[in-house]
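K.L.:
Sharing a sequence plus its predicted fold:
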Amino acid sequence: MAPKPLANVLEITPYVPGLSAESGYKLSSNENPLGYSPVVREALAQSLDHMELYPDGGANKLRAAIADRYGLNADRIICGAGSDEIFQMLGHAYLQPGDEIIQTQFGFLVYQLVAKQCGATTISVPDIDMTANIDGIIAAVTERTKIVFLANPNNPTGTYVSFDEVKRLHEALPSDVLLVLDAAYAEYVKKNDYGSGMELAGSADNVLMTRTFSKIHGLAALRLGWAYGAASIIDALNRVRGPFNVGSLSQIAGIAALEDKAFEEKSAEFNQRELARVSEAIGATGLTVYPSVANFVLVEFFPEGQYTAANANAVLRENGLIVRDVTSYGLPNCLRMSIGVKEANDQLISVLTTFMSGR
């Protein structure tokens with residue numbers, strides 16, 4: 001008889017990342033179309049001589065650089081192989097069978113994957129106009145609730161809630177419920193009422209804010225993320241963290257990326273211009289484009305007939321454009337489209353305009 005995995009493990013549907021493009025343009029994974037900073041390239045080129053050495057297990061220089069950049073306490077920062085690994089740590093540290101997590105209706109799929117790995121149950125709260133329903137989340141809390149995950153902005157919808165709403169949510173939560181604010185796309189948001197949650201994570205005992213180097217910094221290939229929160233939370237996560245979970249090159253790249261504010265600003269400005277242009281042009285075809293503050297747009301097609309998401313996806317792929325099918329999120333009539341280089345965005349607009357021209 002072969003070894004038998006745990007029953008809850010066999011119930012897990014593995015996460016499927018956005019498809020890659022053998023040719024044409026990949027607009028399926030919300031990557032930075034400008035690439036990554038030349039400062040990072042130079043730092044990596046000078047750091048290839050000692051691959052035989054283990055990395056700094058505590059990522060001390062990287063945590064110090066993050067703390068310096070944002071005015072934080074380095075002892076309250078933890079680094080991981082992307083935000084995903086930090087979510088995994090949270091599961092190991094805080095969840096067990098019978099527990100519950102709460103997320104929004106269209107929350108990042110990794111949250112429920114983490115819950116299933118630990119035998120916990122996921123409660124998904126219906127959105128209002130594709131936006132997190134704070135009152136609904138508060139009402140869903142029970143004595144079994146251990147973690148509330150709030151991606152802000154949210155992936156795949158691109159919508160956000162104000163910092164006042166985040167604070168209202170936190171104030172309504174029991175003190176023993178952990179609020180995780182996933183701010184992977186925070187650097188792209190240009191709204192006066194938005195806050196990443198850094199301030200709240202610095203003052204509350206039950207808040208953790210997570211960030212990533214995969215998006216604005218363009219370091220998705222190196223898998224690097226970080227989190228900031230109360231000392232007790234960071235202590236718990238360090239107890240379940242792998243001893244060398246962040247590689248040396250990732251740490252070096254992260255430090256260099258933080259130094260190049262000009263590249264970060266250039267990336268954000270480019271995204272803001274192209275996001276507005278793409279959203280307006282696709283909306284002009286008669287399709288529903290949900291307002292996004294991130295580096296992608298969620299586009300809704302028609303549920304039947306010629307102009308479905310499946311038909312549009314096939315046409316886009318025929319024209320070398322790979323976008324994200326979000327059926328797994330419960331959005332079978334939608335496609336998520338990353339903001340790419342200008343040429344990719346031009347082609348996306350052109351193909352969808354032609355696709356919808358028969359209406």
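P.N.:
Structure received.
K.L.:
Could you say which helix or strand holds Ala268?
P.N.:
Here Ala268 sits within helix 261-283, counting by DSSP states H and E.
K.L.:
Show me what secondary structure element comes after that helix.
P.N.:
Later in the chain than helix 261-283, the nearest helix or strand by DSSP H and E is strand 288-290.
K.L.:
For that following strand, which helices and strands make contact with it?
P.N.:
helix 261-283, strand 296-300 (3 or more C-beta pairs under 8 Å, 6 or more residues apart in numbering; DSSP states H and E). Just so you know, the C-beta spots here come from the backbone N, C-alpha and C atoms, and that holds for glycine as well.
K.L.:
tell me the contacts of the residue lying closest to Asp127 once chain neighbours are set aside?
P.N.:
Among residues not flanking Asp127 along the chain, Gln105 sits closest, at 4.5 Å (C-beta to C-beta, 6 or more residues apart in numbering). Residues in contact with Gln105 (C-beta atoms under 8 Å, 6 or more residues apart in numbering) are 124-127, 133, 330.
K.L.:
How about Gly82?
P.N.:
Per C-beta under 8 Å, 6+ apart, neighbours of Gly82: 212, 214, 223-225.
K.L.:
For those, pick the one with the most neighbours.
P.N.:
With neighbours taken as other C-beta atoms under 10 Å, the top of the contacts of Gly82 is Leu224, carrying 28 neighbours.
K.L.:
Please enumerate the helices of the stretch 151-300 of the chain.
P.N.:
163-172, 198-203, 231-240, 248-259, 261-283 (DSSP state H, counting those that start in this stretch).
K.L.:
ugh, typo on my part, it should be the stretch 1-150 of the chain
P.N.:
Using DSSP H, counting those that start in this stretch, helices in the stretch 1-150 of the chain cover 7-10, 38-45, 60-70, 82-94, 109-117, 134-140.
K.L.:
who's in contact with the first one?
P.N.:
Identification of contacts with helix 7-10 by C-beta under 8 Å, 6+ apart yields 97, 116-119.
K.L.:
confidence score at Pro3?
P.N.:
What the model reports as pLDDT for Pro3 is 76.
K.L.:
ok so, going back, so which of the helices and strands packed on strand 288-290 is the most surrounded?
P.N.:
Per-stretch averages of neighbours, counted by mean count of other C-beta atoms under 10 Å, single out strand 296-300 among the helices and strands packed on strand 288-290, with a mean of 24.
K.L.:
downstream neighbour of it in the secondary structure list?
P.N.:
As assigned by DSSP H and E, the chain's next helix or strand after strand 296-300 is helix 309-318.
K.L.:
thinking again about what came up before, which of the contacts of Gln105 sit farthest apart?
P.N.:
In those, two members sit farther apart than any others by C-beta to C-beta. They are Asn133 and Gly330, at 15.0 Å.
K.L.:
Can I get the contacts of Gly82 in TSV including distance to Arg241 and pLDDT?
P.N.:
Output for the contacts of Gly82, formatted as TSV (distance: C-beta to C-beta, whole Å; pLDDT from 0 to 100):
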residue	distance to Arg241	pLDDT
Thr212	17	98
Ser214	19	98
Arg223	14	97
Leu224	14	98
Gly225	12	98
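K.L.:
JSON lines please, covering those residues and showing distance to Ala281.
P.N.:
Output for the contacts of Gly82, formatted as JSON lines (distance: C-beta to C-beta, whole Å):
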{"residue": "Thr212", "distance to Ala281": "28"}
{"residue": "Ser214", "distance to Ala281": "27"}
{"residue": "Arg223", "distance to Ala281": "34"}
{"residue": "Leu224", "distance to Ala281": "34"}
{"residue": "Gly225", "distance to Ala281": "33"}
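K.L.:
can you pull the contacts of Asn60?
P.N.:
Asn60 neighbours (C-beta under 8 Å, 6+ apart): Ala74.
K.L.:
Low-confidence ranges, the protein, go.
P.N.:
14-23, 359 (pLDDT under 70).
K.L.:
Distance check, the residue nearest the centre of it against Ala284.
P.N.:
Computing the C-alpha centroid of the chain and ranking residues by C-alpha atoms, centre = their mean puts Ala184 first, at 4.4 Å. According to C-beta to C-beta, to the nearest Å, Ala184 stands 29 Å off from Ala284.
K.L.:
Need the helices and strands packed on strand 288-290 in TSV (columns: distance to Asn8).
P.N.:
As requested, those are exported to TSV (distance: least, C-beta to C-beta, whole Å):
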stretch	distance to Asn8
helix 261-283	39
strand 296-300	30
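K.L.:
for Ala81, what are its contacts?
P.N.:
By C-beta under 8 Å, 6+ apart, the residues touching Ala81 are 223-225, 245-246, 250.
K.L.:
try it again with 7 Å
P.N.:
Listed by C-beta atoms under 7 Å, 6 or more residues apart in numbering, the contact set of Ala81 reads 223, 245-246.
K.L.:
Same check on Thr122?
P.N.:
With C-beta under 7 Å, 6+ apart, Thr122 has these contacts: 101, 103, 111-112, 115.
K.L.:
now swap in Ser292 and tell me
P.N.:
Per C-beta under 7 Å, 6+ apart, neighbours of Ser292: 158, 275, 279, 298.
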